[in-house]
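Visitor: could you look at this predicted model? Sequence included:
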There are 2 protein chains.
Amino acid sequence: MASSTVENYLKAALLHEQAHGGIVPMGALVEALAVVPGTVTTMVKAMAAQGLLAHEARQGVRLTPVGRALALGVLRKHRLVETFLVRTLKMDWSEVHDEAEALEHAVSDRVLARMDEFLDHPTTDPHGDPIPDAEGRIADTARQATLETCAANKPLRVARILDQSPDFLAYAQDCGLKPGARVKVLQRDAAGGVVRCETKPGQELTLGLPAAAKIVVGAAA
Amino acid sequence: MASSTVENYLKAALLHEQAHGGIVPMGALVEALAVVPGTVTTMVKAMAAQGLLAHEARQGVRLTPVGRALALGVLRKHRLVETFLVRTLKMDWSEVHDEAEALEHAVSDRVLARMDEFLDHPTTDPHGDPIPDAEGRIADTARQATLETCAANKPLRVARILDQSPDFLAYAQDCGLKPGARVKVLQRDAAGGVVRCETKPGQELTLGLPAAAKIVVGAAA
DNA sequence: TCTTGTATTTTGAGTAATCAAAATAGTATG
DNA sequence: CATACTATTTTGATTACTCAAAATACAAGA
């Protein structure tokens, strides 16, 4: 049985791997888990001894197949729980991340299966993040366009928000940028570092590039 | 913040207090928490230092008002979660106890409040155990009749099952003794140690006294 | 090449919770 | 009253996780 701590290390490694690819530097785990560097070294060694990840000295870690499978299970629990909290218990999508952070370690596979059934097998959570299926398969979401990179003057839909912080999520909601919402990029000003877009006819919005990069968009089906 | 371990010690003390009254002997905690006696002594001292309970040397413990309030909160979480798992996720009432055991420490007050609302403020869980309200008030269930002690030949209803083990619960279900079910005691044979009762017209059932003592009954409204 | 700076590792120590086994207190029995 | 039994406490260790601070490795710049 993996402890909550081990599950958190695995999940952090998986998320970093999905976002950046390749090896996961120790510093990324230090950041994600909010512990001092020495702690990560110690934990990583113990986890490597258990076969959950490979530790390349002074470089970082890579998940082993076993470690990745466990990490995907944790991610599945996290995202199904978030979906459940929003859809069923009507909680605000900006507040469910922290709740799911605690529940993901306490929900058994049995409960998870019933929840999945109850929600009718959702494929994305309220932030648009893909939910791994029961076998650990997950939709590939690499190289998707964001408001920073997408084509201008085409009707689009918000697919996903790449930031779980309540502050940013509340801001996104304010701007009408929840997953599923329509958007169109009107103009991009690289020098000024802003993107001007339209959420509803007549409703304009100017976003800084770092914020724009957190809004994943797709074709407006 | 009380750790899961501390919450479990508090809950065990509360349940023992409700079932037997008076001081809770160390041995009761040893039993309930499945640890060796020395561990209980150590934990109890630490918890007494935190003001959660009073430790009377060589006698046992008593909950302080603070400790009791925390324990009632844990019990509320446990029983609301059980109710939720059965009513909403359609899990079997015989399997939800262990699941709730894990979830009671991970569910936040915010989630609990939404759950309570969603379930329309239930007052008992699937086993008939009373659910403390948000202020920690709980229905008094002392001196209720059981199949071992109740009057014979009166139409009754099962109110509560005083055993959380999947085995006993499955057996009770088999006998048609879920909370809400009708029963009548036909005859009690103290010498033989059995109680004969009727669950449906023509459906008879003979129970040993220890089992009969676990079935709480009330008037058949 | 030498130096600097940053990431990582090592070392030493602390906390929470646990066990095994020996010591002790208290109760009950002959 | 002495003895035996049982419940509780003490003592000494262990595991998992953590921090602070010193040591080390490595990449890059002067």
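Guide: Great, that's in hand. Residues are numbered from 1 along each chain as shown, chains lettered A, B, ... in the order given.

Visitor: which phi and psi does residue A:4 have?
Guide: With angles defined as degrees, to the nearest 10, residue A:4 sits at phi -60, psi -40.

Visitor: for it, give its distance to residue A:131.
Guide: 20 Å (Cβ to Cβ, to the nearest Å). The way it works is simple: take the backbone N, C-alpha and C, and place the C-beta from them, glycine included.

Visitor: neighbour-wise, which of the two wins?
Guide: residue A:131 (21 against 14; other Cβ atoms under 10 Å in any protein chain shown).

Visitor: what strand or helix carries the closest residue to that one other than its chain neighbours?
Guide: Excluding the flanking residues, the one nearest residue A:131 by Cβ to Cβ, 6 or more residues apart in numbering or on different chains is residue A:79, at 4.4 Å. If you go by DSSP states H and E, residue A:79 is part of helix A:65-87.

Visitor: now do that helix: which elements does it pack against?
Guide: Counting contacts by 3 or more Cβ pairs under 8 Å, 6 or more residues apart in numbering or on different chains; DSSP states H and E, helix A:65-87 is packed against helix A:4-20, helix A:96-103, helix A:109-118.

Visitor: pLDDT of it, averaged?
Guide: Here helix A:65-87 scores 98 as its mean pLDDT.

Visitor: could you check how far it is from the centre of its chain?
Guide: 11 Å (Cα atoms, centre = their mean, to the nearest Å).

Visitor: CA atoms only: put it into CSV for me.
Guide: Output of helix A:65-87 as CSV, limited to C-alpha atoms (Å, rounded to 0.1, in the frame of the first residue of the first chain):
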residue,chain,number,x,y,z
PRO,A,65,5.7,1.3,-15.3
VAL,A,66,4.5,0.4,-11.8
GLY,A,67,4.9,3.9,-10.5
ARG,A,68,3.1,5.4,-13.5
ALA,A,69,0.2,3.0,-13.1
LEU,A,70,-0.2,4.0,-9.5
ALA,A,71,0.1,7.7,-10.4
LEU,A,72,-2.6,7.4,-13.0
GLY,A,73,-4.8,5.7,-10.5
VAL,A,74,-4.3,8.6,-8.1
LEU,A,75,-5.0,11.1,-10.9
ARG,A,76,-8.1,9.2,-11.8
LYS,A,77,-9.4,9.4,-8.3
HIS,A,78,-8.6,13.1,-8.0
ARG,A,79,-10.4,14.1,-11.2
LEU,A,80,-13.4,11.8,-10.7
VAL,A,81,-13.8,13.2,-7.2
GLU,A,82,-13.6,16.8,-8.5
THR,A,83,-16.2,16.0,-11.1
PHE,A,84,-18.4,14.4,-8.4
LEU,A,85,-18.1,17.4,-6.1
VAL,A,86,-19.1,19.9,-8.8
ARG,A,87,-21.8,17.9,-10.6
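
Visitor: next, the buried residues of it.
Guide: Under the neighbour-count criterion of 16 or more other Cβ atoms under 10 Å in any protein chain shown, helix A:65-87 has A:67-68, A:70-87 buried.

Visitor: that helix vs helix A:109-118, what angle?
Guide: 50 degrees (axes from the mean of the first three to the mean of the last three Cα atoms, to 10 degrees).

Visitor: strands of chain A, residue ranges please.
Guide: A:53-56, A:60-63, A:156-161, A:182-189, A:194-200, A:203-208, A:215-219 (DSSP state E).

Visitor: got the residues of chain A near DNA strand D?
Guide: Residues of chain A lying close to DNA strand D by Cβ under 7 Å from any atom of the strand are A:3, A:5-6, A:33-39, A:42-43, A:46, A:57-58.

Visitor: which of those count as buried?
Guide: For the residues of chain A next to DNA strand D, buried by 16+ other Cβ under 10 Å: A:6, A:33, A:43.

Visitor: in a markdown table: those residues, plus pLDDT and distance to residue B:151.
Guide: Listed next are these as a markdown table, based on pLDDT from 0 to 100; distance: Cβ to Cβ, whole Å:
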| residue | pLDDT | distance to residue B:151 |
| --- | --- | --- |
| A:6 | 98 | 56 |
| A:33 | 98 | 62 |
| A:43 | 98 | 62 |
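
Visitor: ok, those vs residue B:10, which is closest?
Guide: Nearest to residue B:10 out of these is residue A:6 (Cβ to Cβ; 27.0 Å).
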